[in-house]
Every structure is written in structure tokens, then in C-alpha cells.
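> Could you work out the structure for the sequence below:
(one chain, ligands or ions: 2)
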Amino acid sequence: MASGTALIYDEAMTRHKLLWNDPICDIEVPERLSASYEQLQCYHLVERCIPVPAREGSEEEILLVHSSEHLEAAKSTQAMNEEELKRISGNYDSFFFHPNTYHCARLAVGAALQLVDSVMSGKVCNGMALVRPPGHHSQRNAANGFCLFNNVAIAAEYAKLKYGLQRILIVDWDVHHGQGTQYIFEEDPSVLYFSWHRYEHQEFWPSLKESDYDAVGLGKGKGFNINLPWNKVGMGNSDYLAAFFHVLLPMAFEFDPELVLVSSGYDSGIGDPEGQMNATPEVFAHLTHFLMQLAHGKLCVILEGGYHLRSLSESVCMTVRTLLRDPLPQVTGEMAPCLSAIESIQNVRAAHKPYWKWLTYEDTSFLHNLSTKSDLVKTADTNPCRDDEAKITDSNGTDRIERFLELHMKNIVFPVPPIKTATTELKASADPNTFPVHLHVVKEMDKNELEALVSDFHADLVEANKTLLFLGSTLTILDKILKKEVCSGIAESPAASASVAVALRHSLHFGFQRVLCIFVGDTDIMPSTEDGKILIIHVCKKEQTGKSSSKHYVVLNWKEDADGNDFFSAVLGFILPVAYSYQPNLIIIAVGANRSLGISGISLIIGLLQGLAESRILAVIEDTDINLMQSVAKALAGASMPHFGVHVPPTQEKVNQIKKLRNQLQQDWKMLQCSVNDGI
Ligand SMILES: NCCCNCCCCCC(=O)CS
Ligand SMILES: [Zn+2]
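Ligands and ions are numbered 1, 2, ... in the order given. Now for the predicted structure:
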């Protein structure tokens, strides 16, 4: 399993610059690259990455996407004087040439290809390429929107050709629609393209009809082009997370890509003059973390836009830190998507319903059927999504953004230590290669220390006759986590329910305010949760007599489908949104007897929830299945997800159960919202 993060940066790409006055293009400055790199150095992240050199993309590689006319036109600019450069630049929408542009654009292409090679060869697991000029607006025959060659599109074609890949996911979180990339792949089912973008009902550049949610791809490519238009500015962290939970991630897991490329534009971040959005840098750590759960972690992040230097730099650092598998900082802001975001999410889900199994069962419907979309334009008020925060990004807000970000980044807590998973003597740990990840083995708590602890706090929970010892490993590991000596841990227990009950009580006693417990399997002990300090999600086979779900105690009846894992939609569409709404300080994953989930379902939960609680996860395992222990250890240690078997969509009755729970709880846990029809 490859490890390590590549970083590609070449100072030569700073030599493309605007030579004349052009208020549209003057934000695409060389300092975008140097400031980002300097911030990475400042956080000591450069030295933790594996440096990979850029190279010039060859003409042949550029011709994978572009016409020879386009290539020749670009090549001819190297010898031009300023007047000629200005004239040829005028042939394109929002593009400028400099004598070095062609060379820089070839380096940007080559950097992207070097990154693909580093990941596909297993030299690294993932990486980031800091490049300019950007690429996602450029088309077969035209430069556009600061872009000359489409770096990410060429990287996708290159990966298909050289590595025979058949499923590549491109995630474009830049705030502009990568129409260039859409045009290149809209008939190609081997490339799933997802883009969200400021749209404002076609008011915002590039103001294209085909940037709307109903552009789903053409011919064989139908269903493989996903456009999520933002019809208001001021979108924030919760809007972006909801878009991942309810649109991108279910499709991405069903698509099961072999490689993930990110058109990583940070003009969707706060303070950017183009985007006017409110998402803060740490959200990019969470978005990156989710994508690392796909394609065995094979992820290539390639820079596109981002024009507020401080916002750009901080977001780049958040991305690289996550690629290095550092635990994620808590995401800030109210976990509630705004109405406009939910409308867009609902519409794009409805538009894609005919093409995706997981959607087939969801009774999504268009907000307004397409003919009345014009009504939306009339109703759309021009105010940004959240008036209060939007003030931060008003025009003369530059210095105020600096101050805001200065303060915001100071308040961001980076968990220490970076991910380290502890365990006590595991039966299997004798054989090191069964645990392919480094496990920090801790000494058991000694008997009298344990007796003192239990008798003080937990005697009522532990019947006298039960051997106290089994509590030992749970409390030993929990103590290490509470004291931040380790991030996560695995404890074996012959009675998961009792161990969990004591662990929950102990955590609250320690002072944690919100503990999320996901209990998989049958259990009888369910501690009281009414004060909101504990949220239980109980995944079990059979109907729990007399226990209906409530805000802090959710029962999810799920018996995994025999021939595959259908649990994706429950994790992505329900558990993840609830967990992110709750923002726990600690997560306890317990696996009791008769677990009704497969190992991949349990690993998926751990992998996706790891972004929460600063990665503080305690796993309490009753089921001594060695494969389960191994998978849990790998997931906790941040190793990328195992390959999930065949993706089977959940049955109608399982989807109905999720829908019912979503309707029942979406007022409490607002990240569950993905349509406005349910009378929000
Ligand atoms: N009234 C005309 C306004 C034109 N604005 C063009 C902005 C291009 C932005 C391209 C970009 O950021 C790439 S990521
Ligand atoms: Zn952009």
C-alpha cells in the first residue's frame, strides 16, 4: 500500500504575467504560486512531502485534448512583442499571453502528468501540483478564463492511455464552472466530472445555459456530468459538506473510480473576489479527506483558481496537511445548509435520478419542473445566502479578510499527535504483518488501579461477578485518547455493551460535551441520552421492541445485503450528515455480537467519520474476527479504505427507512436536508 504525499512546485511557473492593464485578468498573479509555497514552508509541510519535479508536457500529450491549431497558436506567442500578445489575447474570453506563457503552460501540463505517474506507479499515495496558468476553462480549440491548456483533462486522458484506466473521477471545487472540462468529457462515460460553481441563474461568468444542473452529459456520457450551480453567493462550509453528502459522494462511491483528480480551485473559499463565498480553509481538509476514501486513496490535487492570496495559501495548506494524513481540525460554522443550496442539491439529484442506482430508490423530485425554472429566477433575491457573514467579503474587505483569517486560523486547533492508533495486547498483534499499520501497543491498566476507577464511578454498570479485566483495555485506551497521547485506539471486549457504557460515562466524567456512539450489533445497555451529551446510532438487525428513534437515540435496522454492501447510502445519506450536525468531541464505534454489517461497512464508517472529533475514535470490538480487527486497525490508522465489493443499491424498504428517519430528524440534524419538498 503506497504511502507518502508528492508536492510539485516549480518557480518557473511564476514567470507568466500580465503586461498591460486588464481589470479582468489582473487577479491571476505569479504570487498565487509563491505565496502558497511559502505558506507550506511556514507550516513545515514542504519537508514532509516527497518533492517531484515538474516537466514540460510534450506536444503529443497536449494533443490528447487540444487541436494542433490551438497548440500552434499558443506556440507562436513565444516570439511575439507586447502589441502582438495583446492582440492575440483579445481572441479569447478573459485570457492574457506573455512570452513565457507557453512554456509555463507546458510546465503546468507536465506537472499534472508527473503527479499522475507518481501516484499510479505507487511512488506516492497522493499529491498536489501547484501550477499556473490554470486549466479547467480551456477547450480543445481555445484558451479561456486564464487557462491555456486543460491540465486536468490532459491528465485524465493520459491516465487512461498509459494506465488503461476506465473510471476516473474529476472533482472541480473551483468556484467557476469548468466548462472546458465538461465539453471535453461530456460524451465520455469513463470520466465522471463533478463541478459546483457560482451561477446565480446564469448571471455569473461564464453565464452558460449548459452550466446548469440539467446538463447531465450527452449520448453514452449521460449521467457522467454533474453540475451543481450555486444560485447565491455566501455559500459556506455546511453547503459544501451537504453537496458532498447528498450529491457527489453517493455517485462517486457507486462509480468506484480507479483514480481521483481534483481541479482544485480555492476561489470557492472565503475572501475571494471572484467567488464571494464564505467557506473557510479547514473545509477543504474535510473535502480532501472524503475523496481519500476512494480509489484506494489515489488522489491527485491540481491547482486551478484562487485569487485571495491568504485565503488561497491557507486552503492549500489545509489540503496538503490532509493528504499527509494529519488529523483534521473541526469544521467551523453552523451545520445547516441554506435554502438555496438545498434547492440546487435537490434539483441535481432529481436530474440524475435516471442514471444512478442509489438515486433510483430516492423519491427525489425537481423543485420546480424544468418549464417553470424561470419562476426561480424571479423569486431569487439577490441577497447572499447569509447576510451577516457576507459583509466580510465586501470589496474593500481585503484587509478585513486578512484580519479575519489571521484570527480564524489562530483559533483552529490542530490535533496532536498526528494519527496514532493504540491497542492493548491484541491476540493477533503477535504477528506484526497481520497489522500492516503501526499500532502503538499500550500496557494494560493494572488491576487495583482499574478496581479503584470502576468502583468509584462505574460499579453500578459492572455487576460484581463480571471480571473487571475486560474493562481494562477499553479504559486503558480511552485514557490515552482523553489525555491526547494517542488519537484513536482499538479495545477488545467480551461484552461490548458494558465496555461502551463505562466508556461513555468515563468520557462525560472527563468533561467531553458530545460523544457519538455508533453501536453495530445487538445490545441491551443503552445509557440515557436525554441531556444531549451522548448521541447513539444503533445499527442492528432486528426491530428494537418499543425503542423508537429520537433525536439522541437513533435505531437503524440494517441487515447487509448478502452479495454486496448496500450500506453506502445509509452512511453517506444518514450517519455522516447526523455526525457532522452533532460535531462530537469523541466517537466510539462498537461492534457487538451479531453485527449486521460487513467489514467494509464498518471500515467505511470509520474512514468517513475520521474527519470529526479531531480523529478521536475509540473502537470497542467484541467480535474477534481477525479480518475485522485488521480492517478496523487500518481504517483507524488512516490507511485508505479497502476495496468495497460490488455496490448494490439498498432495497426500497431500506431506503424508505432512511427517508423516514431523515424526515423525522432533519429539523434536529439539519445536514440531513437535501430537498425542500419535505416542508422544511
Ligand atoms: N463581465 C465579464 C467578467 C469576466 N470575468 C471573467 C473571470 C474569469 C475567471 C477565471 C478563473 O477564475 C479561472 S479559475
Ligand atoms: Zn475559478
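
> The residue of the stretch 451-600 of the chain found nearest ligand 1 - nearest residue in space that isn't next to it in sequence?
With CB to the nearest ligand atom, the shortest gap between the stretch 451-600 of the chain and ligand 1 falls at Tyr580, namely 27.5 Å. To be clear about C-beta, it is placed using only N, CA and C from the backbone, and glycine gets the same treatment. Nearest residue to Tyr580 in three dimensions, chain neighbours excluded: Met671, at 5.0 Å (CB to CB, 6 or more residues apart in numbering).

> Show me which positions of the strand or helix carrying the residue of the stretch 451-600 of the chain closest to ligand 1 end up buried.
Element membership of Tyr580, judged by DSSP states H and E, is helix 576-582. By 16 or more other CB atoms under 10 Å, the buried positions in helix 576-582 come out as Leu576, Pro577, Val578, Ala579, Tyr580, Ser581, Tyr582.

> Flag every buried residue along the helix or strand encompassing Arg32.
Assigned by DSSP H and E, Arg32 falls within helix 31-42. Across helix 31-42, burial judged by 16+ other CB under 10 Å covers Arg32, Leu33, Ser34, Ala35, Ser36, Tyr37, Gln39, Leu40.

> Let me know the closest of the buried residues of helix 576-582 to ligand 2.
Within the buried residues of helix 576-582, proximity to ligand 2 (CB to the ion) peaks at Tyr580, which comes in at 25.9 Å.

> mind listing what that closest one touches?
Leu241, Phe245, Val331, Met335, Leu612, Met671 (CB atoms under 8 Å, 6 or more residues apart in numbering).

> Return the member of those nearest to ligand 2.
Leu241 (20.2 Å).

> ok, the closest one - how many residues close by?
By the criterion of other CB atoms under 10 Å, Leu241 has 25 neighbours.

> Residue in the stretch 151-300 of the chain with the shortest distance to ligand 2?
Closest point on the stretch 151-300 of the chain to ligand 2, by CB to the ion, is His176, at 3.5 Å.

> show me the contacts for Ser334.
Careful, residue 334 is Glu and not Ser. Ser238.

> Pretty sure it sits in a strand.
No: using DSSP: H, G, I helix; E, B strand; the rest coil, the assignment for Glu334 is coil, not a strand.

> roughly how far apart are it and Arg403?
22 Å (CB to CB, to the nearest Å).

> How about Leu85?
38 Å.

> Identify the bridge partners of Gly269.
Assessed by DSSP bridges, Gly269 has beta-bridge partners Ala279.

> how many other residues sit next to it?
So Gly269, with other CB under 10 Å, has 30 neighbours.

> what residues are up against it?
Gly275, Met277, Ala279, Thr280, Pro281, Phe284, Gly306, His308, Ser311, Leu312, Ser315.

> could you dump the residues you listed to a markdown table with secondary structure, pLDDT and neighbour count?
Output for the contacts of Gly269, formatted as a markdown table (DSSP: H, G, I helix; E, B strand; the rest coil; pLDDT from 0 to 100; neighbours: other CB atoms under 10 Å):
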| residue | secondary structure | pLDDT | neighbour count |
| --- | --- | --- | --- |
| Gly275 | coil | 98 | 30 |
| Met277 | strand | 98 | 29 |
| Ala279 | strand | 98 | 29 |
| Thr280 | coil | 97 | 25 |
| Pro281 | coil | 97 | 26 |
| Phe284 | helix | 98 | 29 |
| Gly306 | coil | 98 | 29 |
| His308 | coil | 97 | 26 |
| Ser311 | helix | 96 | 27 |
| Leu312 | helix | 98 | 26 |
| Ser315 | helix | 98 | 31 |
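
> so Asn100 touches His16, yeah?
Yes: Asn100 lies in contact with His16 (CB atoms under 8 Å); the separation is 5.3 Å.

> The two - which one has more neighbours?
Shown here are Asn100 and His16; by other CB under 10 Å, His16 has more neighbours (26 against 17).

> And Leu192, which helix or strand is it part of?
strand 191-198.

> what lines up beside that strand in the sheet?
By DSSP bridges, strand 191-198 pairs with strand 168-172 (parallel), strand 225-230 (parallel).

> Give me the contact status of that strand with ligand 2.
No: contact of strand 191-198 with ligand 2 (CB under 5 Å from the ion) is absent, the minimum separation being 8.0 Å.

> if you look at that strand, does any of it touch ligand 1?
No: applying CB under 6 Å from any ligand atom, one finds strand 191-198 separated from ligand 1 by no less than 9.7 Å.

> For that strand, what does the pLDDT average out to?
Here strand 191-198 scores 98 as its mean pLDDT.

> What of stretch 541-548?
Per-residue scores along stretch 541-548 average to 70.

> Quote the end-to-end distance of it.
14 Å (CA to CA, to the nearest Å).

> thinking again about what came up before, mind checking which of the contacts of Tyr580 land in helices?
Members of the contacts of Tyr580 lying in helices (criterion: DSSP state H): Leu241.

> Need the contacts of Tyr580 in CSV (columns: distance to Thr476 and pLDDT).
Formatted as CSV, these follow (distance: CB to CB, whole Å; pLDDT from 0 to 100):
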residue, distance to Thr476, pLDDT
Leu241, 34, 98
Phe245, 35, 96
Val331, 30, 96
Met335, 33, 97
Leu612, 23, 95
Met671, 34, 97
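
> which one of the contacts of Tyr580 is nearest ligand 1?
Minimum separation from ligand 1 among the contacts of Tyr580 (CB to the nearest ligand atom) is found for Leu241, which lies at 21.9 Å.

> And the strands in the stretch 451-600 of the chain, which stretches?
With DSSP state E, counting those that start in this stretch as the definition, the stretch 451-600 of the chain shows strands at residue ranges 488-492, 515-520, 534-540, 553-557, 586-591.

> Get me the contact residues on the stretch 101-250 of the chain for ligand 1.
Applying CB under 6 Å from any ligand atom, we find that the stretch 101-250 of the chain lies next to ligand 1 at Pro134, His137, Gly145, Phe146, Asp174, His176, Trp205.

> ok, and the most crowded of those?
Neighbour counts for these, by other CB under 10 Å, peak at Pro134, which reaches 31 neighbours.

> got a list of what that residue touches?
Pro134 is in contact with Glu28, Ala108, Gly145, Phe146, Cys147, Asn151, Asp174, Gly265, Leu303, Glu304, Gly305, counting by CB under 8 Å, 6+ apart.

> out of all of them, which helix in the chain is the longest?
helix 101-120.

> before we move on, back to that, Leu85 and Arg403: who's more crowded?
Leu85 (19 against 12).

> Surely the more buried one touches His98?
Yes: counting by CB under 8 Å, His98 is a contact partner of Leu85 at 6.8 Å.

> Which residue is it, in this protein, that comes closest to ligand 2?
Closest point on the chain to ligand 2, by CB to the ion, is Gly305, at 2.9 Å.

> Find the centremost residue of the chain, please.
Leu287 (2.3 Å; CA atoms, centre = their mean).

> and that residue, what element?
Per DSSP H and E: helix 282-291 holds Leu287.

> So which elements touch that helix?
helix 237-243, strand 259-264, strand 299-303, helix 309-323 (3 or more CB pairs under 8 Å, 6 or more residues apart in numbering; DSSP states H and E).

> Highest mean neighbour count out of the ones you listed?
strand 299-303 (a mean of 29; mean count of other CB atoms under 10 Å).

> Contacts for that strand next, please.
So strand 299-303 is contacted by 33, 36, 111-112, 115-116, 119, 125-132, 134-135, 151-152, 155, 259-266, 288, 291-292, 316, 319, 323 (CB under 8 Å, 6+ apart).
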